[in-house]
Structure formats: C-alpha cells, structure tokens
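S.K.: can you look at this prediction? I've put the sequence above it.
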Amino acid sequence: GGTHTFNSGASVSGAGNVAFTGPATFNSGATLSVGGNLTSSVALSVAGATAVTGNLTGTSNGFQLNGAGTVNVNGRFYWSGGSAGAPSLSGTGQINALGGMTITGAANYTNNKTINLYGDSSIDNSSGWWITNNGAYNVQPGAMLELKASGGATDMVRGTGAINNQGTFFRAQPGLHGVSCAMNNTGTVRADSGGQLDFTGTVAQLSGTTLTGGTWHAKGGTINLPGSNLTTIGSGATVILESGGAINRIGSSLATVNGTIEVNGMTFTPAATVTVGTTGTLGGTGTLAANILSSGITSPGTSPGTLTVTGSFSQTSEGTLRIELEGLTQGSQYDYLSVSGSASLDGGLEIVLAEGFEPVYGTTFDVLTATAVTGAGLALAGPHAGLFSWSIVNGDTTLRLTSLIPEPASGLILAAAGLLALRRGTAAPRPRA
C-alpha cells in the first residue's frame, strides 16, 4: 500500500514476483526490473526502462501505466478491467509485449501508448466494451492480433491512433467487429467464416479506386472497406476470396489486376473483362466469371488445383501460364485451367515439376481445355522446359503437355551404350605377336 516515488539512480529489482497495491512513480533515471511476474491494480508511472521477465498483469479499473518509458515484457501482457471506470495506458512510452497481449474485462479502455505485439494477441469484448486507441497497436511480422467475442461491436476499436499490422489481424468468430481508428495493413487482414471486419476509418492501402498493398483474405467472412468500389488491385496488394468470403468494395467494378487475386472454392464475378498486368497474378481453385486478358502470371490451383474461367482466356506475349506437376490426376495432382470460351495463348508456358516426380517418356497432361485453343506464340519456359513438349489436340480444344523424360531402363541402356562407345574409342591397341 501507500504511494512510492523513485528518483534518478534508484533501482527496484528482484528475481521473484512483484505486486503493486499502491501507486508508484519511477522518474527519469530510476529503473524497475522484475525477474518474475509484475501485477498491478493501481497507477504506475514509468519514465525510464522497465523489464519484466514474466507476465505483466494489469487488473481492475484502477490500473494505469503512464509515462514516457519503455516497458519490455518477455512474458504476456494481460490487461483486464471491472464493470465500470476507465483503465488506461497513457504517456508517450511504449510496451514491447514479446509474448503477446490479452485484453479482457467489462470496462472501456484508453490507450495512448505504442504497443508492439510480437506474439499471438487478442482483444475480447464479450461484455460489450470498447477501446479508445489514441496511440498505436503495432502487430509485428509473424505475430497475430484477433478481435474476439461471441457477439460483435460496431465500433470496438476507435480513437485517433492506428493499428499498424505487419503480421495477421483477424476475426475468427461470427459477428461484426468495427474498427474506426486508422488501419495500416502491410501484413494480412483476415475474416474467417461468419466473421465480419468493418473498417470505417482511414485505410492506408486505399488510394481512390485502387487497393495498393497488404493481403486481404476473406476466408468465408466479410471485410468491409470504406470509400468507393475498387477497379484495380495494385502491384503491392493481394486479395484472397475463399469459401463464400467477400470484400464489399471488390466486385463487379474490378477490371485490372496488377497485384494478386486468388479465388478458392467459390465463384467471383468481377467486371466483364479483367486485365491482368505484367506484375499481376491470377490463381486459386475457384471460378472467375469474366473474360481474362493476361500479360501476367496465371497459376491455377493452390499447389496444385483447378481454376475455371467462364469467359474467354487470352494470354499476351508478356504473359505466363504456370503449371505445377506433382502426379497424374488432373486438377488435384497437376494444375488445370478450364475455360468455357476460347483460349488464345502467347508468351510462356512454365512447367514446375515437383521434386521426386519424373513422369516417364510419353506421359501426357491435359492442362487446359476451351472451346477453341490457339497457341501460335506459346513457348515452354522454366528450368524443366526441356523435359516436355506441348501440343493442341482433341480438335483444337486441349493444350497437352508430353513428357520427354526417358524411362529408367532406356536411360540405363543409353548410358551403357555411351560408356561402351567411349571405351571402344579410347582402348589401347593390342601388342603384335
């Protein structure tokens, strides 16, 4: 109990656990080092460096962590409040949560600090509270931040601050969670089945009708973005639509792909004609209801699989059709592009042969079908190009690859024949009798 003030030169350290039940201030030059867990239900003000080897737990509405100092938590940062009041993190300092963060409770929270999240973290507002974020939540590469609750909250994370995501920011449970503070996603934003993420504030990766960066994965859930319907996926952006997932601003207006779009287990209807630029990639195991004009990479499947185009497919001299071969079954062991209309092929046909898979000479793979296939400028590409040939068969409706890899027995015969010829050509003459 009581109030404690530590000035420059003072040091509080120990190998065990520390619990503060009275307010404490660590002024500039004072240090706090805890070898175990640190628990507080009161206000702590830290101006200097603080290290916690275990977990940092802030409990009750009286918990505050103030000041301009840096707090390094090797364990997990737990922040929970009661049914009333406003627990807060204030000051210009930062918290490095190396083991992640968990926020629970029934009170509204205020954060003015920079919180760097390195582990798997969660914000659970099952009791309907919200966070006023005037600082920053920085989700580091490889880390995750999940918005959790059995229900939802239309404005769960608000304020003048930002969420800067370099890892994964996601909603896995049914229900809507709103984010009205700024969002900067250079990692992955994901909405799982039934989940809905509603971004109503500024999104740094939106520029007019172009999505400029980040990965946006609607994995059966919905991602709502502010602003106008998007016409372009920029070169730095990836969009994954899966299992009925949707992104509200990506639909029938989408006409240009300079980044990556992947459609899995569903039908997606963009503009009538989609142009894939030289930096663009089209892939997945779903259906694209459009005509495709590609100067980029078309890569059916997700290692490997079938991609369906219900319009025509035209590949320019700058485009590449990438086909992965892992076995003999079309659409599951080797990639397959199914085109409902015609297919005009120029550019590259890249073969990706799985390690250990060596189809014998004459083995065929029908990798594309259409009502009519032409391929005047098509050329094999990639490190395995010399192991295959291509042809258009079945009344000009099928693009077929044929293996040129010799059968093992034939290879041994050829090797033995070559060795015999070499020996005959280099043998020394016999001496005369």
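M.R.: Received it, and whenever you're ready, just let me know what you need.
S.K.: spatially central residue for the chain, please.
M.R.: For the chain, the residue nearest the mean C-alpha position is residue 188 (4.0 Å; CA atoms, centre = their mean).
S.K.: surely it and residue 166 touch.
M.R.: No. At 9.4 Å, residue 188 and residue 166 do not qualify as touching, with contact defined as CB atoms under 8 Å. To be clear about C-beta, it is placed using only N, CA and C from the backbone, and glycine gets the same treatment.
S.K.: before we move on, back to that, which pLDDT value goes with the residue nearest to the centre of the chain?
M.R.: Residue 188 carries a pLDDT value of 98.
S.K.: ok, what's across the strand from it?
M.R.: Note on residue 188: beta-bridge partners by DSSP bridges are residue 168, residue 215.
S.K.: enumerate every residue touching it.
M.R.: By CB atoms under 8 Å, 6 or more residues apart in numbering, the residues touching residue 188 are 165, 167, 168, 169, 170, 214, 215, 216, 217.
S.K.: out of these, flag the one nearest to residue 390.
M.R.: Nearest to residue 390 out of those is residue 215 (CB to CB; 33.1 Å).
S.K.: and residue 386, backbone torsions?
M.R.: phi -70, psi -10 (degrees, to the nearest 10).
S.K.: circling back to that earlier point, weed out the non-buried ones from the contacts of residue 188.
M.R.: For these, a burial check counting by 16 or more other CB atoms under 10 Å picks out 165, 167, 168, 169, 170, 214, 215, 216, 217.
S.K.: in these, find the pair that's most separated.
M.R.: Across the buried ones among the contacts of residue 188, the longest distance by CB to CB is 14.3 Å; it joins 167 and 216.
S.K.: any low-confidence regions in this protein?
M.R.: Along the chain, segments meeting pLDDT under 70 span 1, 61, 81-87, 127, 150-152, 408-433.
S.K.: how about the contacts of residue 188 in JSON lines, adding distance to residue 393?
M.R.: Formatted as JSON lines, the contacts of residue 188 follow (distance: CB to CB, whole Å):
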{"residue": "165", "distance to residue 393": "48"}
{"residue": "167", "distance to residue 393": "47"}
{"residue": "168", "distance to residue 393": "45"}
{"residue": "169", "distance to residue 393": "48"}
{"residue": "170", "distance to residue 393": "45"}
{"residue": "214", "distance to residue 393": "42"}
{"residue": "215", "distance to residue 393": "38"}
{"residue": "216", "distance to residue 393": "40"}
{"residue": "217", "distance to residue 393": "38"}
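S.K.: closest to residue 109 among those?
M.R.: For these, the nearest to residue 109 is residue 169 (17.8 Å; CB to CB).
S.K.: the closest one against residue 139, yeah?
M.R.: Yes. Counting by CB under 8 Å, residue 139 is a contact partner of residue 169 at 5.9 Å.
S.K.: got any residues that touch both of those two?
M.R.: Common neighbours of residue 169 and residue 139 (CB under 8 Å, 6+ apart) are 145, 163, 187.
S.K.: now render these as JSON lines, adding distance to residue 6.
M.R.: Converted to JSON lines, the shared contacts of residue 169 and residue 139 look like this (distance: CB to CB, whole Å):
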{"residue": "145", "distance to residue 6": "33"}
{"residue": "163", "distance to residue 6": "33"}
{"residue": "187", "distance to residue 6": "38"}
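S.K.: ok, so of those residues, who is nearest residue 104?
M.R.: Taking CB to CB as the measure, residue 104 lies nearest residue 145 of the shared contacts of residue 169 and residue 139, at 14.2 Å.
S.K.: contacts for the helix or strand hosting that closest one?
M.R.: Using DSSP states H and E, residue 145 sits within strand 144-148. Contacting residues not belonging to strand 144-148 are listed as 101, 117, 120-126, 137, 139, 156-157, 163, 165, 167-173, 177, 179, 197 [CB under 8 Å, 6+ apart].
S.K.: who are the neighbours in contact with the residue nearest to residue 125 when sequence neighbours are not counted?
M.R.: Spatial nearest neighbour of residue 125, excluding adjacent residues (CB to CB, 6 or more residues apart in numbering): residue 149 at 4.9 Å. Residues near residue 149 by CB under 8 Å, 6+ apart: 124, 125, 126, 156, 173, 175, 177.
S.K.: same question, residue 348
M.R.: 319, 320, 321, 378, 379, 380, 381, 382.
S.K.: and those, which of them are in strands?
M.R.: By the criterion of DSSP state E, membership of the contacts of residue 348 in strands covers 320, 321, 379, 380, 381.
S.K.: tell me how far the nearest residue to residue 193 once chain neighbours are set aside lies from residue 172.
M.R.: Nearest residue to residue 193 in three dimensions, chain neighbours excluded: residue 220, at 3.4 Å (CB to CB, 6+ apart). Computed as CB to CB, to the nearest Å, the residue 220 to residue 172 distance reads 10 Å.
S.K.: higher neighbour count, the two?
M.R.: More crowded of residue 220 and residue 172, by other CB atoms under 10 Å: residue 220, with 19 against 16.
S.K.: count of neighbours near the closest residue in space to residue 99 that isn't next to it in sequence?
M.R.: Spatially, and ignoring its direct neighbours in sequence, residue 99 is nearest to residue 76 (4.2 Å; CB to CB, 6+ apart). As a burial measure, residue 76 scores 19 neighbours (other CB under 10 Å).
S.K.: residue 76 against residue 103, yeah?
M.R.: No. Contact criterion CB under 8 Å: residue 76 and residue 103 do not qualify, at 11.2 Å.
S.K.: between those two, which contacts overlap?
M.R.: With CB under 8 Å, 6+ apart, residue 76 and residue 103 have no common neighbours.
S.K.: so what's the residue count around the closest residue to residue 277 other than its chain neighbours?
M.R.: Excluding the flanking residues, the one nearest residue 277 by CB to CB, 6+ apart is residue 258, at 4.2 Å. For residue 258, the count of nearby residues is 22 (other CB under 10 Å).
S.K.: ok, the buried ones among the contacts of residue 188 vs residue 236, which is closest?
M.R.: Taking CB to CB as the measure, residue 214 is the one of those closest to residue 236, at 7.7 Å.
S.K.: returning to what we had before: what do residue 220 and residue 172 both touch?
M.R.: Common neighbours of residue 220 and residue 172, using CB under 8 Å, 6+ apart, are 192, 195.
S.K.: which element is residue 51 on?
M.R.: Taking DSSP H and E as the definition, one finds residue 51 inside strand 50-52.
S.K.: contacting residues for residue 65?
M.R.: Residue 65 sits next to 40, 43, 44, 46, 58, 71, 89, 90, 91, 95, 113 when contact means CB under 8 Å, 6+ apart.
S.K.: nothing else from me, thank you.
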